[in-house]
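Chemist: turn this into a structure:
(one chain, ligands or ions: 2)
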Amino acid sequence: MSGRVDHDVDGSTLASLVSDDATYTGTATRPPYDEERVRRAVREILVALGEDPDRDGIRDTPARVARAYRELFSGLWQEPEDVLTTTFDLGHDEMVLVKDIAFTSACEHHLLPFYGMAHVGYIPAENGRITGLSKLARLVEVYARRLQVQERLTSQVADALLRVIEPRGVIVVMEAEHTCMTTRGVRKPGSKTMTSAVRGQLRDPATRAEAMSLILGR
Ligand SMILES: Nc1nc2c(ncn2[C@@H]2O[C@H](COP(=O)(O)OP(=O)(O)OP(=O)(O)O)[C@@H](O)[C@H]2O)c(=O)[nH]1
Ligand SMILES: [Zn+2]
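Modeler: Ligands and ions are numbered 1, 2, ... in the order given. Model (predicted):
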């Protein structure tokens, strides 16, 4: 892994916990979104389904899908630094947690949506920076609006927060319904997948338990 960042927190280095997702995202070198190509590909799918792509009703579908993909995958052209712009020095050094951040992502195996709630918390560094609450939700959006697996989505949000605002600890919990599991394949509607990524001081059992009770206490 390259691009590691050292975070010394109470004598322990978090560097080994910071995953480098640059190799996956390639945001800097990614060519711009090719809407025309997506449009052509969707038209091909309609033909392969035995549809007449010029019939009323679906004539504009390739263009609609291409516009929808632009929105659903917009995070492929964004970096966390683009949204974690506003940070304050507030002297608050206890846990901050935003829960029930609704998100929609796309399963990279089936190109089908998975959606649910993200819960993002952190403990600021002593006299350290905090970020605007909405920025935590924006950070979830950056990583959700890509081709994803839930585990990677969860750890990318945690690691970006760790890298950019250098808190003492981070917790990210995500719960989602995968339509590739509910509408096809094994067809288990209502099944939920839970993932978590916990870094730094939030790995301490008591602190982690406090965060989890805040998250799970409905
Ligand atoms: N770990 C993980 N697996 C996922 C996620 N989204 C989808 N999957 C799984 O990816 C796997 C892909 O398995 P394959 O056997 O290659 O594909 P498939 O034949 O369509 O599998 P089925 O869904 O079991 O019909 C499936 O088990 C999915 O449930 C995710 O976010 N995380
Ligand atoms: Zn899937």
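Chemist: around ligand 2, pick out the residues from this structure.
Modeler: Residues of the chain lying close to ligand 2 (C-beta under 5 Å from the ion) are 107, 109-110, 180. From N, CA and C alone the C-beta is placed, and that goes for glycine too.
Chemist: and residue 131, what is it in contact with?
Modeler: Counting by C-beta atoms under 8 Å, 6 or more residues apart in numbering, residue 131 makes contact with 84, 86-88, 164-165.
Chemist: of those residues, which pair is most distant in space?
Modeler: Spatial extent of these (C-beta to C-beta) is set by the pair 88 and 164 at 13.6 Å.
Chemist: tell me the confidence at residue 110?
Modeler: In this model, residue 110 is scored at 97, pLDDT.
Chemist: can you tell me the closest non-neighbouring residue to it?
Modeler: Nearest in space to residue 110, with sequence neighbours left out and distances taken as C-beta to C-beta, 6 or more residues apart in numbering, is residue 180 at 4.1 Å.
Chemist: for that neighbour, list the residues it contacts.
Modeler: Counting by C-beta under 8 Å, 6+ apart, residue 180 touches 107, 109-110, 112, 114.
Chemist: in strands only, show me the residues you listed.
Modeler: In strands, defined here by DSSP state E, the members of the contacts of residue 180 are 107, 114.
Chemist: of the contacts of residue 180 - the most surrounded one?
Modeler: Of all the contacts of residue 180, the highest neighbour tally under other C-beta atoms under 10 Å goes to residue 114, namely 24 neighbours.
Chemist: output the set of residues of this structure in proximity to ligand 1.
Modeler: Residues of the chain that fall close to ligand 1, judged by C-beta under 6 Å from any ligand atom: 107, 109, 149-151, 178, 180-181, 185-186.
Chemist: only whichever of the residues you listed are buried, select them in PyMOL.
Modeler: Burial among the residues of the chain next to ligand 1 is assessed by 16 or more other C-beta atoms under 10 Å; the matching PyMOL selection reads:
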select buried, resi 107+150+178+180+181
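Chemist: including distance to residue 130 and secondary structure, could the residues of the chain next to ligand 1 go into a markdown table?
Modeler: Compiled in a markdown table, the residues of the chain next to ligand 1 are given as follows (distance: C-beta to C-beta, whole Å; DSSP: H, G, I helix; E, B strand; the rest coil):
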| residue | distance to residue 130 | secondary structure |
| --- | --- | --- |
| 107 | 33 | strand |
| 109 | 37 | coil |
| 149 | 30 | coil |
| 150 | 27 | helix |
| 151 | 27 | helix |
| 178 | 33 | strand |
| 180 | 37 | helix |
| 181 | 37 | helix |
| 185 | 42 | coil |
| 186 | 42 | coil |
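Chemist: can you list the residues of the chain next to ligand 1 in JSON lines and add distance to residue 65?
Modeler: What follows is the residues of the chain next to ligand 1, written out as JSON lines (distance: C-beta to C-beta, whole Å):
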{"residue": "107", "distance to residue 65": "17"}
{"residue": "109", "distance to residue 65": "19"}
{"residue": "149", "distance to residue 65": "23"}
{"residue": "150", "distance to residue 65": "24"}
{"residue": "151", "distance to residue 65": "27"}
{"residue": "178", "distance to residue 65": "21"}
{"residue": "180", "distance to residue 65": "18"}
{"residue": "181", "distance to residue 65": "23"}
{"residue": "185", "distance to residue 65": "22"}
{"residue": "186", "distance to residue 65": "26"}
